[in-house]
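Participant: My questions are about this predicted structure, shown below with the sequence.
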Amino acid sequence: MKKIAITMGDPAGIGPEIILKTFQGEEAKNRELIVVGDAAILETVQERAFSEKLEIRSISSIEEACFEEGIVNVWDLKLVGPQEITPGVVSAVAGNAAFQYVVEAIRLAQQGMVGSVVTAPLNKEAIHLAGHNFAGHTEIFATYTKTKDYAMLLYDEKLSVIHVSTHISLLHAIQTLSQDRVERVIALAEENMTRILGRKPRIAVAGLNPHAGENGLFGREEIETIIPAVKKMKAQGIEVSGPYPPDTIFLKASQGEYDVVVAMYHDQGHIPLKLLGFHSGVNISVGMPVIRTSVDHGTAFEIAWQGVARNDSLVQAIRLAERLGKE
């Protein structure tokens, strides 16, 4: 069994409590999970928000870990204490800690000490206040693994979506759309959904424009860029079709006609996925040498440290990390 590192996320957010809630349930049993974060934060959140007490064990080597029920092994970076942050408040201190947890988890994976990484949510404003100018987890992983060709895959049993572009402006997404990029994302969709499903996936490609351009009436990106990409990848044996009108293809996929939809930009894919799987969706970074899955929600500062946050997405992320890590 391969070990899984779980980053604690922004310590002022819900990351610590959804981790504790997960260790209280069945998902931590028979799995070798190591939390990368600050033990002092977990202890404080447990004291404030939970009646059931777990043993929070600070470790500095893999050999010190004890994978028994009721024990939370924390790769303790000792970056921040509960007196330095306020639950639900954006701060540079918390942002820096969240960033360093991710960097350390990547290092553990690169050195073979863990087989995959699961990330709890961080706050982009907080990490920027700390001087780390990244758009999110995906970009941090790409930079520290020196990966240039990657994509974001959102997986849920009801709908899965992979993105041609993510954390850039809509204008930039349109301007940088290329046939090569669409082809690469289709290839990543087939590779990774095959690993998840255990069979070749049925891939649908969404258009960029209303009605997928209506044969050039509403734009020529489909004719000049997307259709050639689909044809080329289909000729290589990939079960892919499209481009389809974006206002209908996600419904068809959610009804089981397709296994994954290639979305052209961030919100085109995120809106339907979060509508159908807000609590259960999982974010997967694909095309990188480190397996990374993540919750598909934010830090929820408004309910932080209250013990009421749902851990469904974290549970699903752990399950997927384990499945992908077996390859």
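Facilitator: Arrived safely, thanks for sending.
Participant: how many neighbours does Ala187 have?
Facilitator: Neighbour count for Ala187, taken as other Cβ atoms under 10 Å: 18. In this view, the C-beta of every residue, glycine as well, is placed from N, C-alpha and C.
Participant: could you pull out the strands for the stretch 151-300 of the chain?
Facilitator: Secondary structure of the stretch 151-300 of the chain (DSSP state E, counting those that start in this stretch): strands located at 151-155, 161-163, 203-206, 240-244, 260-263, 282-286, 292-295.
Participant: Export the ones you listed as JSON lines, with columns for mean neighbour count and distance to Asp180.
Facilitator: Below are the strands of the stretch 151-300 of the chain laid out as JSON lines (neighbours: other Cβ atoms under 10 Å; distance: least, Cβ to Cβ, whole Å):
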{"stretch": "strand 151-155", "mean neighbour count": "25", "distance to Asp180": "13"}
{"stretch": "strand 161-163", "mean neighbour count": "25", "distance to Asp180": "15"}
{"stretch": "strand 203-206", "mean neighbour count": "26", "distance to Asp180": "15"}
{"stretch": "strand 240-244", "mean neighbour count": "21", "distance to Asp180": "15"}
{"stretch": "strand 260-263", "mean neighbour count": "28", "distance to Asp180": "14"}
{"stretch": "strand 282-286", "mean neighbour count": "24", "distance to Asp180": "17"}
{"stretch": "strand 292-295", "mean neighbour count": "28", "distance to Asp180": "24"}
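Participant: where does this structure have low pLDDT?
Facilitator: Scanning the chain for pLDDT under 70 picks out 1, 326-327.
Participant: In the chain, what residue spans correspond to helices?
Facilitator: Under the criterion DSSP state H, helices of the chain are mapped to 15-24, 39-49, 92-110, 124-129, 137-144, 170-175, 179-197, 221, 227-235, 246-254, 266-277, 312-325.
Participant: gap between the shortest one and the chain center?
Facilitator: Offset of helix 221 from its chain centre (Cα atoms, centre = their mean, to the nearest Å): 29 Å.
Participant: Looking at the helices of the chain, which one is packed in the most?
Facilitator: helix 15-24 (a mean of 25; mean count of other Cβ atoms under 10 Å).
Participant: Show me what that one is packed up against.
Facilitator: strand 33-37, helix 39-49, strand 71-76, helix 312-325 (3 or more Cβ pairs under 8 Å, 6 or more residues apart in numbering; DSSP states H and E).
Participant: ok so, going back, among the strands of the stretch 151-300 of the chain, which comes closest to Asp76?
Facilitator: Proximity to Asp76, assessed across those by Cβ to Cβ, is greatest for strand 292-295 (21.3 Å).
Participant: Strand partners (parallel or antiparallel) of the closest one?
Facilitator: Take DSSP bridges as the rule and strand 292-295 pairs in its sheet with strand 116-119 (parallel), strand 282-286 (antiparallel).
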